[in-house]
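1. my questions are about this predicted structure, shown below with the sequence.
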Amino acid sequence: MDTPPLPTDSTPESAVLHRSLHRAPLKVLSASGHHLHLSNGQRILDATGGAAVACLGHANPRIAAAVASQMSRVSYCHSLTFATDAAEQLATYLCRTTDGAMTRAFFVSSGSEAMEAALKMAHQYHLEKPQPEPQRTHFIARHESYHGTTLGALAVGGHKSRRALFEPILSVNTSHVSACHPYRNRQPGESDEAYVARLADELDAEFRRLGPDTVAAFVAEPVVGAALGCVPSVPGYFKAMKAVCERNGALLILDEVMSGCGRTGTLHAWQAPGVGVAPDIQTLGKGLGGGAVPVAAMLVGKRVVDVLSRGTGAFSHGQTYQGHPVACAAALETLKTVQEDGLVENVARMGDMLGRLLMEKVGRHKYVGNVRGRGLFWGIEFVKDKETKEPFPLQDGVAMGVHELGLQEPYNISIYPGTGTVDGKVGDHVLLAPAYNVTQPDIEEIVDLTAAVIEAYFRIKDER
């Protein structure tokens, strides 16, 4: 039998199960720095690092060298029996960046896997306490949140449209409270302090409704990423939420898969001013390895580790590629590059510029309701009516339309689209998450192109 021809740009036929069976994706031939080079000749400015992943840009030579060096020593061994320097060094490095708050690290291949591990760890902690509480099987998370696509992680997430298809097979041991989303949820004239107090009361009431001794943990993103479009908490929010958790004997799990590893201007998002509380369990991903290899992590605080140490002495969970040495080597070199090159500081400086320029050049647009973010993690929410904050109808596909127009000539920019911003179903936003090593000219180009795409998209929409 003859081998079938390779697919080309002119045909959607492919043996790959792509995101869509009806439409072939654009094919990337190579990538370097902040740009993707496509098979159709386009050169796309990657203003989002993919999904906030390529934090050092593309084809970083330090990461490539670290991966090649590790592969020449050991590329895989089974973590049931063996350990490697790559995993040990990465764990030590990461834990030191938390100033002792987190004392153990568990490495997997995706953010969803890290969240699955975190949920299991929280329950096992309650099983192994000196006074075990096996009834703590419930999790409280937030509406319009996203914590991953595997069944456990999807169940704890509160994004309705992402959950909808699989609702019948999701765990029913999660409930949701309001997100900290001042643009949408703060009452007129309500101060930060009053808003935080109201959200804390809501969380405490949910503990009481469920029975405080049935809840294992509260799960939240320090800066909500894809689900809401880069929404930071207001000052004091997480301090208040942790106090509620501690009063009710539950753990605090912070999901930094998208917002961590320097993305928001501090190495860990919970280290930012206004957050200031360490979690009991933390997840990392995306920027951890800069996209060179699949890698994610769960970090565990001393309180939890001590309980396991005095109990079974083992986490009852494991995966084939856990602690993969090549992935760990890539992650370690990524973190070293970020810190040694002063890139967290650059994220903070360039992030201030990015936010200011977006406010100036995009924020005044009649269909832009809100511009928000932190560091190099900024979202733009679109509304049909700026005064009432009414969203566009779902069928208009505004966020995807902006994204698709951006990929076309003459713009050639990748802007990350998101939907369900208002209630998990309707609402549109796009986000920008450029590499940490961007310069002032890069930021100016990103903002100018983004503004041009938004202006053109809505001009065309209004003319229809």
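-> Sure thing, it's come through.

2. correct me, but residue 330 touches residue 287?
-> No - in this structure, residue 330 is not within contact of residue 287 by CB atoms under 8 Å, at 11.7 Å. C-beta: built from backbone N, CA, C; applies to glycine.

3. give the buried residues for the lowest-mean-pLDDT helix or strand in the chain.
-> Least confident helix or strand of the chain, by mean pLDDT, DSSP states H and E, is helix 160-163 with a mean of 92. Neighbour-count burial for helix 160-163 flags 160, 162 (criterion: 16 or more other CB atoms under 10 Å).

4. what residues does the residue nearest the centre of the chain make contact with?
-> Here the mean C-alpha position of the chain is nearest to the C-alpha of residue 258 (CA atoms, centre = their mean), at a distance of 2.0 Å. Neighbouring residues of residue 258 by CB atoms under 8 Å, 6 or more residues apart in numbering: 51-52, 111, 221, 223, 225-226, 285-286, 377.

5. which residues does residue 69 contact?
-> residue 329.

6. where in the protein is pLDDT low?
-> For the chain, residues meeting the criterion pLDDT under 70 lie at 1-12.

7. for it, which helix is longest?
-> Taking DSSP state H as the criterion, the chain has its longest helix at helix 440-463.

8. tell me the helices and strands packed up against that one.
-> Judged by 3 or more CB pairs under 8 Å, 6 or more residues apart in numbering; DSSP states H and E, the packing partners of helix 440-463 are strand 43-46, helix 343-361, helix 398-406, strand 413-414, strand 428-432.

9. for residue 238, find the nearest of the ones you listed.
-> helix 343-361 (19.3 Å; CB to CB).

10. what's the helix or strand just after that closest one in contact with?
-> Later in the chain than helix 343-361, the nearest helix or strand by DSSP states H and E is strand 368-373. With contact meaning CB under 8 Å, 6+ apart, strand 368-373 is reached by 183, 223, 229-232, 351, 354-355, 358-359, 362-363, 378-383, 386, 389, 431-432, 454.

11. now for the helix or strand that strand 368-373 is followed by, which elements pack on it?
-> In the C-terminal direction, the helix or strand that comes right after strand 368-373 (DSSP H and E) is strand 378-382. If contacts are counted by 3+ CB pairs under 8 Å, 6+ apart, strand 378-382 sits against helix 343-361, strand 368-373, helix 398-406, strand 428-432.

12. closest one to residue 99 among the ones you listed?
-> Nearest to residue 99, of those and by CB to CB, is helix 343-361 at 14.7 Å.

13. so what's residue 123 up against?
-> 136-137, 216.

14. quick one: the helices in this protein, in order.
-> Going by DSSP H, the chain shows helices at 49-52, 61-73, 85-96, 111-128, 151-156, 160-163, 182-185, 192-210, 237-247, 302-310, 325-340, 343-361, 398-406, 440-463.

15. which one, of those helices, ends up nearest to residue 423?
-> Per CB to CB, nearest to residue 423 of these: helix 160-163, 6.9 Å.

16. who touches that closest one?
-> 146, 149, 154-155, 157, 170, 419-420, 423-425.

17. same list (these) but as TSV, adding distance to residue 436 and neighbour count.
-> TSV is the format used below for the contacts of helix 160-163 (distance: CB to CB, whole Å; neighbours: other CB atoms under 10 Å):
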residue	distance to residue 436	neighbour count
146	23	27
149	26	14
154	29	23
155	33	22
157	27	29
170	35	15
419	27	24
420	28	24
423	33	14
424	31	23
425	33	15
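
18. pipe those residues into CSV and attach distance to residue 188 per row.
-> Converted to CSV, the contacts of helix 160-163 look like this (distance: CB to CB, whole Å):
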residue, distance to residue 188
146, 28
149, 37
154, 35
155, 35
157, 30
170, 36
419, 27
420, 25
423, 20
424, 24
425, 25
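
19. C-alpha coordinates for the longest helix of the chain, PDB please?
-> Taking Å, rounded to 0.1, in the frame of the first residue of the first chain, the C-alpha atoms of helix 440-463 are listed here in PDB:
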ATOM      1  CA  GLN A 440       9.700  48.800  25.600                       C
ATOM      2  CA  PRO A 441       9.500  48.700  21.700                       C
ATOM      3  CA  ASP A 442       7.900  45.200  22.000                       C
ATOM      4  CA  ILE A 443       5.300  46.400  24.400                       C
ATOM      5  CA  GLU A 444       4.500  49.400  22.200                       C
ATOM      6  CA  GLU A 445       4.100  47.100  19.100                       C
ATOM      7  CA  ILE A 446       1.800  44.700  21.000                       C
ATOM      8  CA  VAL A 447      -0.400  47.500  22.200                       C
ATOM      9  CA  ASP A 448      -0.600  49.300  18.900                       C
ATOM     10  CA  LEU A 449      -1.400  46.100  17.000                       C
ATOM     11  CA  THR A 450      -4.000  45.000  19.600                       C
ATOM     12  CA  ALA A 451      -5.700  48.400  19.400                       C
ATOM     13  CA  ALA A 452      -5.700  48.300  15.600                       C
ATOM     14  CA  VAL A 453      -7.300  44.800  15.600                       C
ATOM     15  CA  ILE A 454     -10.000  45.800  18.100                       C
ATOM     16  CA  GLU A 455     -10.800  49.000  16.200                       C
ATOM     17  CA  ALA A 456     -11.000  47.200  12.900                       C
ATOM     18  CA  TYR A 457     -13.100  44.300  14.200                       C
ATOM     19  CA  PHE A 458     -15.800  46.500  15.700                       C
ATOM     20  CA  ARG A 459     -15.800  48.800  12.700                       C
ATOM     21  CA  ILE A 460     -16.500  45.900  10.500                       C
ATOM     22  CA  LYS A 461     -19.100  44.500  13.000                       C
ATOM     23  CA  ASP A 462     -20.900  47.800  13.100                       C
ATOM     24  CA  GLU A 463     -21.000  48.100   9.300                       C
END
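
20. quick one on the thing from earlier: for residue 37, find the nearest of the helices and strands packed on strand 378-382.
-> Using CB to CB, the helices and strands packed on strand 378-382 put helix 398-406 closest to residue 37, at 16.7 Å.
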